[in-house]
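Engineer: I would like to see how this sequence folds:
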Amino acid sequence: MNKIATFSEIGTLARQYKEQGKTIVFTNGCFDIIHAGHVKYLKQASNFGDILILGLNSDQSVKTIKGEKRPVIGQDHRSLVITALEFIDHVVLFDEPDPGTLIEAINPDVLVKGADWPEDQIIGANFVKSNGGRLERVTLEPDISTTKIIERIGELYYGKT
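Structural biologist: Below is the predicted model:
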């Protein structure tokens, strides 16, 4: 099974999984410089259902959100690393700054985001809940993030933050 799906494929796959009675979980993010916090978060997300679909911000999308110097790792390499995780069923790239359209195409049973996001700011939460699904917020690992890793590298190698 190819874990990387296109936008047009993922809606069909989601419908097939639902017909099989499987619970679909969706989360999204940039996942630039994959670290232990990402892995723990994704593993926990996978525990909320049968199929975990990850919406991965494309390089274009990351630049829009994080600035011209990001991503550090390109979308093809980020996709490869994420699909190597056994609990990830599918990865789908998206170019938009938010996953709203993707969430509507998948219509997941469970939408997962980090607990650092206030519920009223989580894109797709109202859509998922209005379709009988639920929102799960996962506590993130303290003191680890891609931004902190980049800052630490700057300190170590360039003496700046």
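Engineer: what segments of the chain are helices?
Structural biologist: 7-19, 36-46, 59-66, 75-83, 100-106, 125-130, 146-158 (DSSP state H).
Engineer: let me know which of these is the nearest to Thr27.
Structural biologist: Closest of the helices of the chain to Thr27 is helix 36-46, at 4.9 Å (criterion: Cβ to Cβ). Heads up, the C-betas are built off the backbone N, CA and C, glycines and all.
Engineer: for this structure, which spans come out with low pLDDT?
Structural biologist: Within the chain, the segments meeting pLDDT under 70 span 1, 160-161.
Engineer: can I get the helices of the chain in a markdown table including distance to Val91 and mean neighbour count?
Structural biologist: Compiled in a markdown table, those are given as follows (distance: least, Cβ to Cβ, whole Å; neighbours: other Cβ atoms under 10 Å):
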| stretch | distance to Val91 | mean neighbour count |
| --- | --- | --- |
| helix 7-19 | 9 | 15 |
| helix 36-46 | 11 | 18 |
| helix 59-66 | 14 | 17 |
| helix 75-83 | 5 | 17 |
| helix 100-106 | 11 | 19 |
| helix 125-130 | 19 | 15 |
| helix 146-158 | 17 | 12 |
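Engineer: of the ones you listed, which is nearest Asp116?
Structural biologist: Using Cβ to Cβ, the helices of the chain put helix 36-46 closest to Asp116, at 10.7 Å.
Engineer: and the closest one, what does it pack against?
Structural biologist: Under the contact criterion of 3 or more Cβ pairs under 8 Å, 6 or more residues apart in numbering; DSSP states H and E, helix 36-46 touches strand 24-29, strand 51-57, strand 110-114, strand 134-138.
Engineer: what's that helix in contact with?
Structural biologist: 25, 27, 29, 31, 52, 54, 82, 85, 87-88, 112, 114, 136, 138, 140-141, 144-145 (Cβ atoms under 8 Å, 6 or more residues apart in numbering).
Engineer: angle of that helix against helix 75-83?
Structural biologist: On the basis of axes from the mean of the first three to the mean of the last three Cα atoms, to 10 degrees, helix 36-46 is oriented at 60 degrees to helix 75-83.
Engineer: can I get helix 36-46 as CSV, trimmed to CA atoms?
Structural biologist: Only the C-alpha atoms of helix 36-46 are listed here, as CSV (Å, rounded to 0.1, in the frame of the first residue of the first chain):
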residue,chain,number,x,y,z
ALA,A,36,10.6,12.9,19.5
GLY,A,37,7.8,15.3,20.3
HIS,A,38,6.3,14.7,16.8
VAL,A,39,6.6,11.0,17.1
LYS,A,40,4.9,10.9,20.5
TYR,A,41,2.1,13.2,19.3
LEU,A,42,1.5,11.1,16.2
LYS,A,43,1.5,7.9,18.1
GLN,A,44,-1.0,9.2,20.5
ALA,A,45,-3.2,10.5,17.6
SER,A,46,-3.1,7.0,16.1
